[in-house]
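Asks: Give me coordinates for this.
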Amino acid sequence: MKTMQQLFSTVTSDGQLKVNLVEQDVPTPKPHEVLVKMEAAPINPSDMWPMFGPADLSQATYDAGQKALLAPLFPGTAKRVSSRLDQTLPIGNEGAGTVVATGDSDAAKALMGKTVGLISGATYANYCCVPVQACIAHHADTTPKQAASSFVNPLTALGMVDTMRMEGHTALVHTAAASSLGQMLNKICLAEDVPLVNIVRKAEQQDILRSQGAKIVLNSSDETFKQDLYNAIDQTGATLGFDAIGGGELVSDILTAMERVGSKDAVGLNTYGSLTHKQVYLYGSLDISPTILNRAYGMSWGIGGWLLMRFLSKVEPTRVMALHKRVADEISSTFANHFSAELSLEQALQPENVARYNAKKTGEKYLINPSLDA
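Replies: Alright, predicted model coming up:
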């Protein structure tokens, strides 16, 4: 077939980043695969580490001849990405488009001509070839732009609620809660009557969630935050949190508030704290500084990482299919996204655009539309 353009990222052992547009042969799908003409691929926070690594993007330049973004790594950071040094890797976790060719299996053929959302790790390209299982088939009136964010945010939000139930909790705490994902989680919890404690950093972010019906929205910048957090956890009984930030003391503050609530009625010696298990999962790294734990929450607690794909690997295939169907059915409501701007593959490499989307501002989300490069 004809050739296509695709973005690749390389971090070199001598401390340089190169993200460039490369011409590739369009792949031919195997029996269980489909070929998708990509028309929309979001730039998520989870895409930016594979894309840029520990590069100092304030010094980024664009080489028009190579169609490449070039930037130095921050000094001393190459060891953090030693497993990928001097390798040229595809980028782009998810996206959407139209199936234009299929393999010979019945499942693959059934998707011919349909709009699908997909997850791949190589969606920043004109075409993407993936297994049928990596696709969500959308309704006929759904556009690729609407379907672009079918996987990462919707399934993560749904997975958080499933994890809560699987582990025996009854309420949730969520940080960076005014994000696109946070707004989806709020809608899910309202629809399913799940108590949710939303934590944000700014008053305007509180307004966003409250306008969508959120019942509890706390501002971590308020002087009364720790007491507000205690009151909210006391009200909801939340013993599970999901943290998108990572660095700093917020995780510790959440566990401390959970323990205060769990031990408020304790009588006599309480050396090891409450018996109820308290758990916080880190699923993001908006702050890459160390996670600080001020251990004041007894001995029944845990902190761990949470990844969407590992969650999906633990649940039954029938449950995964049910989650996919819900995303398709609610893609223009619960899981709707607003994009600030559409960029071509080449525009996504230009430093002024990188500075905009790498800022990860609440309410701003950027979309790569590979068809703009045609």
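
Asks: for the protein, what spans make up the helices?
Replies: 45-52, 106-109, 144-147, 152-166, 180-191, 203-211, 225-236, 250-262, 308-314, 317-329, 351-358 (DSSP state H).

Asks: Could you dump those helices into JSON lines with mean neighbour count and mean pLDDT added?
Replies: To be clear about C-beta, it is placed using only N, CA and C from the backbone, and glycine gets the same treatment. Shown next, in JSON lines, are those (neighbours: other Cβ atoms under 10 Å; pLDDT from 0 to 100):
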{"stretch": "helix 45-52", "mean neighbour count": "19", "mean pLDDT": "93"}
{"stretch": "helix 106-109", "mean neighbour count": "15", "mean pLDDT": "97"}
{"stretch": "helix 144-147", "mean neighbour count": "22", "mean pLDDT": "96"}
{"stretch": "helix 152-166", "mean neighbour count": "21", "mean pLDDT": "97"}
{"stretch": "helix 180-191", "mean neighbour count": "22", "mean pLDDT": "97"}
{"stretch": "helix 203-211", "mean neighbour count": "16", "mean pLDDT": "95"}
{"stretch": "helix 225-236", "mean neighbour count": "18", "mean pLDDT": "98"}
{"stretch": "helix 250-262", "mean neighbour count": "23", "mean pLDDT": "96"}
{"stretch": "helix 308-314", "mean neighbour count": "14", "mean pLDDT": "94"}
{"stretch": "helix 317-329", "mean neighbour count": "15", "mean pLDDT": "96"}
{"stretch": "helix 351-358", "mean neighbour count": "17", "mean pLDDT": "95"}
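
Asks: which one of those helices lies closest to residue 294?
Replies: Closest to residue 294 of the helices of the chain, according to Cβ to Cβ: helix 250-262, at 4.8 Å.

Asks: I'd like the helices of the chain as CSV, with distance to residue 64 appended.
Replies: CSV is the format used below for the helices of the chain (distance: least, Cβ to Cβ, whole Å):
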stretch, distance to residue 64
helix 45-52, 19
helix 106-109, 39
helix 144-147, 28
helix 152-166, 31
helix 180-191, 32
helix 203-211, 38
helix 225-236, 48
helix 250-262, 42
helix 308-314, 36
helix 317-329, 39
helix 351-358, 12
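
Asks: Those: which one's closest to residue 118?
Replies: Once those are compared by Cβ to Cβ, helix 144-147 is nearest, at 9.0 Å.

Asks: And that closest one, what does it pack against?
Replies: strand 33-43, strand 94-102, strand 115-119 (3 or more Cβ pairs under 8 Å, 6 or more residues apart in numbering; DSSP states H and E).

Asks: For residue 219, find the nearest of those strands.
Replies: strand 33-43 (27.1 Å).

Asks: quick one on the thing from earlier: between the helices of the chain, which one is closest to residue 78.
Replies: Closest among these, using Cβ to Cβ: helix 45-52, at 13.6 Å.

Asks: unless I'm mixing things up, residue 336 is touching residue 145, no?
Replies: No: counting by Cβ atoms under 8 Å, residue 336 sits too far from residue 145 to count as a contact (10.7 Å).

Asks: ok, the nearest residue to residue 339 once chain neighbours are set aside - contacts?
Replies: Distances taken as Cβ to Cβ, 6 or more residues apart in numbering put residue 367 closest to residue 339, at 4.3 Å, once the chain neighbours are dropped. By Cβ atoms under 8 Å, 6 or more residues apart in numbering, the residues touching residue 367 are 40, 41, 42, 43, 145, 148, 339, 341, 342, 343.

Asks: please redo it, this time with the cut-off set to 10 Å
Replies: Residue 367 makes contact with 39-43, 95, 144-145, 148-149, 337, 339-343, 348, 357 under the criterion Cβ atoms under 10 Å, 6 or more residues apart in numbering.

Asks: Pull up the per-residue confidence for residue 374.
Replies: Per-residue pLDDT puts residue 374 at 60.

Asks: what's the offset of the worst-scoring helix or strand of the chain on mean pLDDT from the middle of its chain?
Replies: Using mean pLDDT, DSSP states H and E, strand 287-291 stands out as the lowest-scoring helix or strand of the chain, at a mean of 89. Relative to its parent chain, strand 287-291 has a centroid offset of 18 Å by Cα atoms, centre = their mean, to the nearest Å.

Asks: what does stretch 154-172 give?
Replies: Using Cα atoms, centre = their mean, the offset of stretch 154-172 from its chain centre is 15 Å.

Asks: Contact partners for residue 155?
Replies: Residues in contact with residue 155 (Cβ under 10 Å, 6+ apart) are 94, 119, 136, 162, 184, 308-309, 311-312, 320, 323-324, 326-327, 335.

Asks: Throw together a PyMOL command that grabs the buried residues out of the contacts of residue 367.
Replies: Remark: buried members of the contacts of residue 367, expressed as a PyMOL selection using 16 or more other Cβ atoms under 10 Å:
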select buried, resi 39+40+41+42+43+95+144+145+148+149+337+339+343+348+357
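
Asks: is it true that residue 331 touches residue 144?
Replies: No: look at residue 331 against residue 144 with Cβ atoms under 10 Å: they stay out of range, at 11.1 Å.
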